[in-house]
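Chemist: Structural data only, the sequence is not supplied:
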């Protein structure tokens, strides 16, 4: 089972978004049969089997084993991944395009960049899996608390300057045997936990 699987096929995305099938995918983090799942989700076994077949057709669940019980063969299934990400490729005609209106201070442009990141990395993961080769990536994830909006703006300026300097140092246009890489750096307000709705409202108001 993969940690994360990327869904690029529109039909598979549609199947995964069905509430019942999404629940079954969640339950199938551990192998289970239709009979076992029926008791958990409160549906007839035949109905669960119907949904499982749809998930299996699109590669979202896989057969682990078959058990013979009397005259019945029980199929034990498992999700192919612990979690799934739907790539913008699945909605290619309306996928965000960050080149339309680049604006470093726009939250919607950041969202378009994030969507492109999901699309590109998803495509790379799929290709690497088919070629059975490792995929070299790097990411940093952390949090910083700014004392003021002025500090945040100063941080953004220094960060941009530092990244620009590094790119200038290591970028070699036309290097033989080299490979282009994409650099994405983002700063946005942290989303508070559900236990702190007042803080969430305050953060949203400040950034609007």
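Modeler: Sure, I can see it. Bear in mind the structure is a predicted one, so any value in this text is a computation, not a measurement. Numbering: from 1, shown residues only.

Chemist: Can you tell me the SS state at residue 83?
Modeler: strand (DSSP: H, G, I helix; E, B strand; the rest coil).

Chemist: Am I right that it is in contact with residue 6?
Modeler: No. In this structure, residue 83 is not within contact of residue 6 by C-beta atoms under 8 Å, at 10.5 Å. Just so you know, the C-beta spots here come from the backbone N, C-alpha and C atoms, and that holds for glycine as well.

Chemist: now what about stretch 137-151, what contacts it?
Modeler: Stretch 137-151 has contacts (C-beta atoms under 8 Å, 6 or more residues apart in numbering) with 121, 124, 152, 155, 190, 206.

Chemist: Could you save those as JSON lines and add columns showing secondary structure, distance to residue 161 and neighbour count?
Modeler: Converted to JSON lines, the contacts of stretch 137-151 look like this (DSSP: H, G, I helix; E, B strand; the rest coil; distance: C-beta to C-beta, whole Å; neighbours: other C-beta atoms under 10 Å):
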{"residue": "121", "secondary structure": "helix", "distance to residue 161": "26", "neighbour count": "17"}
{"residue": "124", "secondary structure": "helix", "distance to residue 161": "29", "neighbour count": "14"}
{"residue": "152", "secondary structure": "helix", "distance to residue 161": "15", "neighbour count": "15"}
{"residue": "155", "secondary structure": "helix", "distance to residue 161": "11", "neighbour count": "13"}
{"residue": "190", "secondary structure": "coil", "distance to residue 161": "24", "neighbour count": "12"}
{"residue": "206", "secondary structure": "helix", "distance to residue 161": "25", "neighbour count": "9"}
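
Chemist: For those, work out which two are farthest apart.
Modeler: Maximum pairwise distance among those (C-beta to C-beta): 35.6 Å, between 124 and 206.

Chemist: Which residues does stretch 74-87 contact?
Modeler: In this structure, residues lying in contact with stretch 74-87 by C-beta under 8 Å, 6+ apart are 1-8, 13, 16-17, 25, 28-35, 52, 56, 59-68, 118-119, 122-123.

Chemist: That one: how far from the chain's middle?
Modeler: For stretch 74-87, the separation from the chain centroid amounts to 14 Å (computed by C-alpha atoms, centre = their mean, to the nearest Å).

Chemist: hang on, the earlier thing: now intersect the contacts of stretch 74-87 with the helices, please.
Modeler: Cross-referencing the contacts of stretch 74-87 against helices under DSSP state H gives 13, 16-17, 25, 34-35, 52, 56, 118-119, 122-123.
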